[in-house]
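Colleague: Sharing a model that was predicted from the sequence below.
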Amino acid sequence: MADSATASSPLKVIAGADSFGAELKDAMVSHLRSLNIEVEDLGITSYYNIGAEVGRRVSSATTSPSLETRGLLACGTGVGVGIFANKFPGVFATTCLTPDEARNNRSINNCNVLALSGMSTSADTAKEIVDTWLNTPFKAPCPASKSQPWPEEISNFFDESMNEMPKIGASENTQAETCAVCCLVKNRELNPIDIIPGGSMKILRESPTSAIIKFKAGSVEPAHHHTFGHCLLVMKGKKSVWNLSKKERHDLGDGDYLFIPAGDVHRVKYYEDTEFFLKWDGKWDMFFDEDLETAKIAIEKELANGSA
(Lines give C-alpha, C1' and ligand atoms only; values in the text may rest on other atoms or scores of the structure.)
Protein backbone atom coordinates (compact mmCIF):
# COMPACT_ATOMS: atom_id res chain seq x y z
CA MET A 1 0.00 0.00 0.00
CA ALA A 2 3.00 2.29 0.33
CA ASP A 3 3.69 2.46 -3.42
CA SER A 4 1.62 5.60 -3.93
CA ALA A 5 3.28 7.28 -0.98
CA THR A 6 6.80 6.64 -2.23
CA ALA A 7 6.41 6.95 -5.96
CA SER A 8 7.40 10.64 -6.12
CA SER A 9 10.51 10.33 -3.95
CA PRO A 10 12.26 7.65 -1.88
CA LEU A 11 11.06 7.34 1.70
CA LYS A 12 13.00 6.54 4.83
CA VAL A 13 11.42 6.04 8.26
CA ILE A 14 13.36 6.45 11.51
CA ALA A 15 11.73 4.41 14.29
CA GLY A 16 12.07 4.10 18.04
CA ALA A 17 10.11 3.42 21.23
CA ASP A 18 10.22 3.22 25.00
CA SER A 19 9.56 -0.05 26.81
CA PHE A 20 5.77 0.46 26.73
CA GLY A 21 5.76 0.85 22.95
CA ALA A 22 8.51 -1.63 22.10
CA GLU A 23 6.33 -4.51 20.90
CA LEU A 24 4.17 -2.28 18.71
CA LYS A 25 7.22 -0.50 17.27
CA ASP A 26 8.83 -3.84 16.34
CA ALA A 27 5.64 -4.94 14.59
CA MET A 28 5.45 -1.69 12.61
CA VAL A 29 9.13 -1.86 11.63
CA SER A 30 8.49 -5.33 10.21
CA HIS A 31 5.40 -4.04 8.42
CA LEU A 32 7.26 -1.11 6.86
CA ARG A 33 10.10 -3.34 5.71
CA SER A 34 7.58 -5.72 4.14
CA LEU A 35 6.52 -2.73 2.03
CA ASN A 36 10.15 -2.26 0.90
CA ILE A 37 10.47 0.98 2.86
CA GLU A 38 13.88 1.77 4.31
CA VAL A 39 13.72 1.81 8.12
CA GLU A 40 16.38 2.92 10.60
CA ASP A 41 15.41 1.32 13.90
CA LEU A 42 16.92 3.21 16.85
CA GLY A 43 15.67 0.61 19.30
CA ILE A 44 14.29 1.15 22.80
CA THR A 45 15.14 3.75 25.42
CA SER A 46 13.30 6.28 27.61
CA TYR A 47 10.40 8.12 25.95
CA TYR A 48 12.09 11.52 26.21
CA ASN A 49 15.43 10.31 24.78
CA ILE A 50 13.92 8.39 21.87
CA GLY A 51 11.38 11.12 21.08
CA ALA A 52 14.12 13.75 21.01
CA GLU A 53 16.48 11.62 18.92
CA VAL A 54 13.90 10.77 16.26
CA GLY A 55 12.79 14.41 16.19
CA ARG A 56 16.36 15.63 15.81
CA ARG A 57 17.08 13.26 12.92
CA VAL A 58 13.86 14.05 11.07
CA SER A 59 14.50 17.77 11.57
CA SER A 60 18.03 17.45 10.17
CA ALA A 61 16.71 15.59 7.14
CA THR A 62 14.06 18.16 6.18
CA THR A 63 16.61 20.05 4.08
CA SER A 64 17.23 17.05 1.82
CA PRO A 65 15.00 17.17 -1.29
CA SER A 66 16.14 13.79 -2.62
CA LEU A 67 14.91 11.64 0.26
CA GLU A 68 11.74 12.09 2.31
CA THR A 69 12.44 11.18 5.93
CA ARG A 70 9.70 10.55 8.45
CA GLY A 71 9.64 9.27 12.02
CA LEU A 72 7.67 6.52 13.75
CA LEU A 73 7.48 6.47 17.55
CA ALA A 74 5.64 4.46 20.18
CA CYS A 75 5.29 4.80 23.94
CA GLY A 76 2.54 3.93 26.41
CA THR A 77 0.12 6.65 25.29
CA GLY A 78 1.93 7.93 22.21
CA VAL A 79 1.84 11.44 23.68
CA GLY A 80 5.20 11.76 25.45
CA VAL A 81 7.36 10.75 22.50
CA GLY A 82 5.48 13.19 20.27
CA ILE A 83 6.01 16.08 22.69
CA PHE A 84 9.78 15.59 22.69
CA ALA A 85 9.97 15.09 18.91
CA ASN A 86 8.11 18.36 18.38
CA LYS A 87 10.91 20.34 20.09
CA PHE A 88 12.75 20.40 16.76
CA PRO A 89 12.04 22.74 13.81
CA GLY A 90 10.28 21.23 10.84
CA VAL A 91 8.92 18.30 12.87
CA PHE A 92 5.15 17.85 12.99
CA ALA A 93 4.57 14.92 15.31
CA THR A 94 1.04 13.82 16.15
CA THR A 95 -0.46 10.96 18.13
CA CYS A 96 -2.94 8.90 16.12
CA LEU A 97 -5.24 6.26 17.59
CA THR A 98 -7.34 5.64 14.46
CA PRO A 99 -6.81 5.69 10.68
CA ASP A 100 -9.11 8.72 10.43
CA GLU A 101 -6.88 10.63 12.83
CA ALA A 102 -3.86 9.70 10.70
CA ARG A 103 -5.66 10.91 7.58
CA ASN A 104 -6.64 14.20 9.24
CA ASN A 105 -3.17 14.82 10.61
CA ARG A 106 -1.45 14.14 7.31
CA SER A 107 -3.93 16.36 5.47
CA ILE A 108 -4.03 19.28 7.92
CA ASN A 109 -0.69 19.13 9.73
CA ASN A 110 1.58 17.42 7.20
CA CYS A 111 2.45 15.01 10.02
CA ASN A 112 5.95 13.66 9.41
CA VAL A 113 6.38 11.87 12.75
CA LEU A 114 3.68 9.38 13.70
CA ALA A 115 3.30 8.57 17.40
CA LEU A 116 1.47 5.38 18.41
CA SER A 117 0.09 4.14 21.73
CA GLY A 118 1.50 0.81 22.83
CA MET A 119 -1.18 0.46 25.52
CA SER A 120 -4.23 1.41 23.45
CA THR A 121 -3.53 0.28 19.89
CA SER A 122 -3.43 -3.27 18.55
CA ALA A 123 -0.93 -4.28 15.88
CA ASP A 124 -3.70 -4.67 13.27
CA THR A 125 -5.10 -1.19 13.97
CA ALA A 126 -1.59 0.25 13.97
CA LYS A 127 -0.97 -1.20 10.51
CA GLU A 128 -4.09 0.56 9.22
CA ILE A 129 -2.94 3.80 10.85
CA VAL A 130 0.56 3.47 9.36
CA ASP A 131 -0.78 2.67 5.88
CA THR A 132 -3.11 5.66 6.00
CA TRP A 133 -0.25 7.88 7.20
CA LEU A 134 1.96 6.67 4.38
CA ASN A 135 -0.60 7.17 1.63
CA THR A 136 -2.35 10.43 2.56
CA PRO A 137 -0.84 13.53 0.93
CA PHE A 138 -0.71 16.92 2.63
CA LYS A 139 -3.99 18.86 2.07
CA ALA A 140 -5.80 15.74 0.79
CA PRO A 141 -9.55 15.30 1.36
CA CYS A 142 -10.05 13.80 4.81
CA PRO A 143 -12.80 13.24 7.40
CA ALA A 144 -12.21 16.77 8.73
CA SER A 145 -13.05 18.17 5.28
CA LYS A 146 -15.99 15.76 4.95
CA SER A 147 -13.88 13.97 2.33
CA GLN A 148 -14.11 17.00 0.04
CA PRO A 149 -11.20 19.03 -1.37
CA TRP A 150 -10.18 21.88 0.92
CA PRO A 151 -11.30 25.39 -0.20
CA GLU A 152 -8.49 27.48 -1.67
CA GLU A 153 -8.27 29.85 1.31
CA ILE A 154 -7.85 26.95 3.76
CA SER A 155 -5.34 25.24 1.49
CA ASN A 156 -3.30 28.48 1.39
CA PHE A 157 -3.52 28.73 5.18
CA PHE A 158 -2.06 25.21 5.51
CA ASP A 159 0.84 26.18 3.23
CA GLU A 160 1.52 29.31 5.25
CA SER A 161 1.39 27.40 8.54
CA MET A 162 4.17 25.07 7.37
CA ASN A 163 6.43 28.10 6.93
CA GLU A 164 5.41 29.88 10.14
CA MET A 165 5.38 27.04 12.70
CA PRO A 166 9.16 26.40 12.64
CA LYS A 167 9.72 30.09 13.46
CA ILE A 168 7.81 29.96 16.75
CA GLY A 169 10.16 30.57 19.66
CA ALA A 170 13.07 31.52 17.42
CA SER A 171 14.48 34.95 16.64
CA GLU A 172 16.83 36.41 14.07
CA ASN A 173 19.57 36.89 16.66
CA THR A 174 19.46 33.53 18.45
CA GLN A 175 19.90 29.97 17.29
CA ALA A 176 17.18 27.43 18.01
CA GLU A 177 17.94 25.03 20.81
CA THR A 178 19.20 21.68 19.51
CA CYS A 179 18.64 19.82 22.77
CA ALA A 180 15.07 18.78 23.58
CA VAL A 181 15.80 18.64 27.31
CA CYS A 182 17.17 22.22 27.24
CA CYS A 183 14.01 23.33 25.43
CA LEU A 184 11.93 22.01 28.33
CA VAL A 185 13.43 24.49 30.78
CA LYS A 186 13.78 27.47 28.47
CA ASN A 187 11.73 30.39 29.83
CA ARG A 188 10.55 28.33 32.84
CA GLU A 189 10.94 29.69 36.35
CA LEU A 190 12.73 27.35 38.72
CA ASN A 191 11.87 27.35 42.43
CA PRO A 192 14.55 27.61 45.15
CA ILE A 193 15.49 24.43 47.02
CA ASP A 194 15.14 25.73 50.56
CA ILE A 195 17.02 22.86 52.18
CA ILE A 196 20.14 23.36 50.01
CA PRO A 197 21.49 26.91 49.42
CA GLY A 198 22.26 27.74 45.80
CA GLY A 199 19.87 25.22 44.31
CA SER A 200 16.61 25.59 42.38
CA MET A 201 14.41 23.12 40.55
CA LYS A 202 11.34 22.69 38.36
CA ILE A 203 9.33 19.46 38.54
CA LEU A 204 8.31 18.43 35.02
CA ARG A 205 6.42 15.27 35.92
CA GLU A 206 5.57 13.46 39.16
CA SER A 207 5.74 9.75 40.08
CA PRO A 208 7.73 8.67 38.09
CA THR A 209 9.29 12.07 38.49
CA SER A 210 11.56 14.19 36.34
CA ALA A 211 12.94 17.66 36.98
CA ILE A 212 15.32 20.33 35.77
CA ILE A 213 17.71 21.39 38.53
CA LYS A 214 20.20 24.27 38.74
CA PHE A 215 22.99 24.93 41.24
CA LYS A 216 25.21 27.99 41.50
CA ALA A 217 28.99 27.64 41.34
CA GLY A 218 30.42 26.71 44.73
CA SER A 219 27.24 25.04 45.99
CA VAL A 220 27.46 21.82 47.98
CA GLU A 221 24.91 19.07 48.54
CA PRO A 222 25.60 17.42 51.91
CA ALA A 223 25.72 13.64 52.01
CA HIS A 224 22.20 12.30 51.53
CA HIS A 225 20.25 9.40 50.09
CA HIS A 226 16.88 8.71 48.44
CA THR A 227 14.40 5.84 48.46
CA PHE A 228 14.65 5.77 44.65
CA GLY A 229 17.39 5.24 42.12
CA HIS A 230 17.83 8.24 39.87
CA CYS A 231 19.42 9.15 36.57
CA LEU A 232 21.00 12.53 35.91
CA LEU A 233 22.19 14.17 32.70
CA VAL A 234 24.35 17.30 32.89
CA MET A 235 23.09 19.89 30.42
CA LYS A 236 25.85 22.39 31.20
CA GLY A 237 28.33 23.00 33.97
CA LYS A 238 30.79 20.98 36.04
CA LYS A 239 30.28 18.98 39.23
CA SER A 240 31.66 16.07 41.24
CA VAL A 241 29.54 13.38 42.86
CA TRP A 242 31.00 11.26 45.65
CA ASN A 243 29.14 7.96 46.10
CA LEU A 244 30.13 7.32 49.72
CA SER A 245 28.40 3.95 49.81
CA LYS A 246 30.57 2.63 46.99
CA LYS A 247 33.64 4.84 47.66
CA GLU A 248 33.48 6.24 44.12
CA ARG A 249 33.98 9.75 42.71
CA HIS A 250 32.40 10.86 39.43
CA ASP A 251 33.51 14.10 37.75
CA LEU A 252 30.78 15.26 35.39
CA GLY A 253 30.56 17.95 32.70
CA ASP A 254 28.40 18.88 29.72
CA GLY A 255 26.53 15.83 28.38
CA ASP A 256 27.71 13.40 31.09
CA TYR A 257 25.29 10.85 32.57
CA LEU A 258 25.23 9.14 35.97
CA PHE A 259 22.91 6.64 37.69
CA ILE A 260 22.81 6.55 41.50
CA PRO A 261 21.08 3.48 43.00
CA ALA A 262 18.41 3.75 45.69
CA GLY A 263 19.83 4.17 49.17
CA ASP A 264 23.39 5.05 48.08
CA VAL A 265 24.73 7.94 50.20
CA HIS A 266 26.29 10.67 48.06
CA ARG A 267 27.47 14.28 48.30
CA VAL A 268 27.96 16.79 45.48
CA LYS A 269 30.19 19.79 44.73
CA TYR A 270 29.42 22.29 41.93
CA TYR A 271 32.44 24.04 40.37
CA GLU A 272 30.43 26.09 37.85
CA ASP A 273 26.82 27.20 37.46
CA THR A 274 25.34 23.84 36.55
CA GLU A 275 22.06 22.65 35.08
CA PHE A 276 21.02 19.02 34.86
CA PHE A 277 18.02 16.81 34.10
CA LEU A 278 17.06 14.34 36.84
CA LYS A 279 14.65 11.39 36.60
CA TRP A 280 13.66 9.05 39.41
CA ASP A 281 11.19 6.23 39.86
CA GLY A 282 8.93 7.52 42.62
CA LYS A 283 8.01 10.73 44.38
CA TRP A 284 10.61 13.26 45.46
CA ASP A 285 12.31 12.56 48.78
CA MET A 286 15.70 13.37 50.32
CA PHE A 287 17.27 12.21 53.61
CA PHE A 288 20.40 13.97 54.89
CA ASP A 289 23.27 12.00 56.42
CA GLU A 290 25.35 15.05 57.43
CA ASP A 291 25.05 18.83 57.75
CA LEU A 292 26.30 21.41 55.24
CA GLU A 293 29.39 22.51 57.17
CA THR A 294 30.54 18.92 57.67
CA ALA A 295 30.12 18.31 53.94
CA LYS A 296 32.16 21.38 53.00
CA ILE A 297 35.03 20.37 55.27
CA ALA A 298 35.00 16.79 53.95
CA ILE A 299 35.01 17.92 50.33
CA GLU A 300 37.88 20.35 50.91
CA LYS A 301 39.97 17.55 52.44
CA GLU A 302 39.11 15.13 49.64
CA LEU A 303 39.94 17.65 46.91
CA ALA A 304 43.19 18.62 48.67
CA ASN A 305 44.19 14.96 48.93
CA GLY A 306 42.92 14.11 45.45
CA SER A 307 41.01 11.18 46.91
CA ALA A 308 37.76 9.63 45.76
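Modeller: Happy to help now that I have it. Numbers count the residues shown, from 1 in each chain.
Colleague: A85 and L114 touch, don't they?
Modeller: No - using CB atoms under 8 Å, A85 makes no contact with L114, being 9.9 Å away. C-beta: built from backbone N, CA, C; applies to glycine.
Colleague: Next, show the common contact partners of these two.
Modeller: Both A85 and L114 are in contact with G71, L73, A93, where contact means CB atoms under 8 Å, 6 or more residues apart in numbering.
Colleague: mind listing which of those residues are in strands?
Modeller: Of these, the ones assigned to strands by DSSP state E are G71, L73, A93.
Colleague: Just checking, which helix or strand of the chain averages the lowest pLDDT?
Modeller: Ranking every helix and strand in the chain by mean pLDDT, DSSP states H and E puts helix 3-6 at the bottom, with a mean of 40.
Colleague: so what does the helix or strand following that helix touch, helix or strand wise?
Modeller: Sequence order places strand 11-17 as the next helix or strand after helix 3-6, per DSSP states H and E. Using 3 or more CB pairs under 8 Å, 6 or more residues apart in numbering; DSSP states H and E, the elements in contact with strand 11-17 are helix 22-34, strand 38-44, helix 47-61, strand 68-75.
Colleague: Between the ones you listed, which one is closest to K139.
Modeller: Between K139 and these, the shortest separation by CB to CB is 16.0 Å, and it involves strand 68-75.
Colleague: So for that closest one, mean pLDDT?
Modeller: For strand 68-75, the mean per-residue pLDDT is 95.
Colleague: Over to stretch 234-244?
Modeller: 93.
Colleague: Now do the buried residues in that stretch.
Modeller: V234, M235, G237, K238, K239, S240, V241, W242, N243, L244 (16 or more other CB atoms under 10 Å).
Colleague: roughly how far apart are the closest residue to the third one other than its chain neighbours and G199?
Modeller: I take that to be G237. Spatially, and ignoring its direct neighbours in sequence, G237 is nearest to T274 (2.7 Å; CB to CB, 6 or more residues apart in numbering). Taking CB to CB, to the nearest Å as the measure, T274 falls 10 Å from G199.
Colleague: Looking at these two, which is more packed in?
Modeller: T274 (24 against 21; other CB atoms under 10 Å).
Colleague: Can you give me every residue that contacts the more buried one?
Modeller: The contact partners of T274, taken as CB under 8 Å, 6+ apart, are K214, F215, A217, V234, K236, G237, K238, K239.
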